[in-house]
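> Let me see the structure of the following:
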Amino acid sequence: MSKETDIYKALSTYLSLKHKGLIWRFDFAAGTKMTFGQSNSHKSMNPHRGYPDFFLAEPIGKYSGLYIEIKKQGCSPFKKDGLLKSGEHLKEQQTMLQKLHTKGYMTLFCTGLDECIETIEQYLKNE
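Numbers count the residues shown, from 1 in each chain. Prediction:
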């Protein structure tokens, strides 16, 4: 899948078919081209940078829900040694994931559709 939005669509289809009772949401606006006015309105209503792409509103075990920052297949945010790659945007995303984790949510980066599905299935099984 060449774009994150392709992953969003496929993941939404998967969840709709496999888990009909779940509630989830994608932060679709983050990747949308907006006019200057729309962009200013969006920023004023959403002041926190690095908000994750996906939220699953399903409390499981000790977690209040699941947040995933989705990356395209082949675009891992981590270096081979496991450290986060450089870049202000990735740092903002990691910081937001850490903040949400301290609020009681499971949070992580996922690369590609298969990893997203595997993560969600493991989360739902409380593994």
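> next structured bit after the helix or strand of the chain with the lowest mean pLDDT?
In the chain, no helix or strand scores lower on mean pLDDT, DSSP states H and E than helix 36-45, which sits at a mean of 68. Later in the chain than helix 36-45, the nearest helix or strand by DSSP states H and E is strand 54-56.
> Can you give me the neighbour number for Lys71?
Using other Cβ atoms under 10 Å, Lys71 has 21 neighbouring residues. Just so you know, the C-beta spots here come from the backbone N, C-alpha and C atoms, and that holds for glycine as well.
> and what of Ser86?
8.
> Could you do Lys18 as well?
Lys18 has 12 nearby residues by other Cβ under 10 Å.
> go on, Phe26?
20.
> Hmm, it is touching Leu15, no?
No. Using Cβ atoms under 8 Å, Phe26 makes no contact with Leu15, being 10.6 Å away.
> ok, Gly74 touching Thr111?
Yes. Using Cβ under 8 Å, Gly74 is in contact with Thr111, at 7.5 Å.
> in the chain, which spans are strands?
Applying DSSP state E to the chain gives strands spanning 24-26, 54-56, 66-71, 106-111.
> Next one: the nearest residue to Gly61 once chain neighbours are set aside from Leu22, what distance?
Nearest non-adjacent residue to Gly61, counting by Cβ to Cβ, 6 or more residues apart in numbering: Asn126, 4.5 Å away. Using Cβ to Cβ, to the nearest Å, Asn126 is found at 15 Å from Leu22.
> More neighbours: which of the two?
Counted by other Cβ under 10 Å, Asn126 and Leu22 do not tie: Leu22 has more neighbours, with 13 against 9.
> any idea how far Ile7 is from that one?
17 Å.
> count of residues packed around Cys75?
Neighbours of Cys75 (other Cβ under 10 Å): 11.
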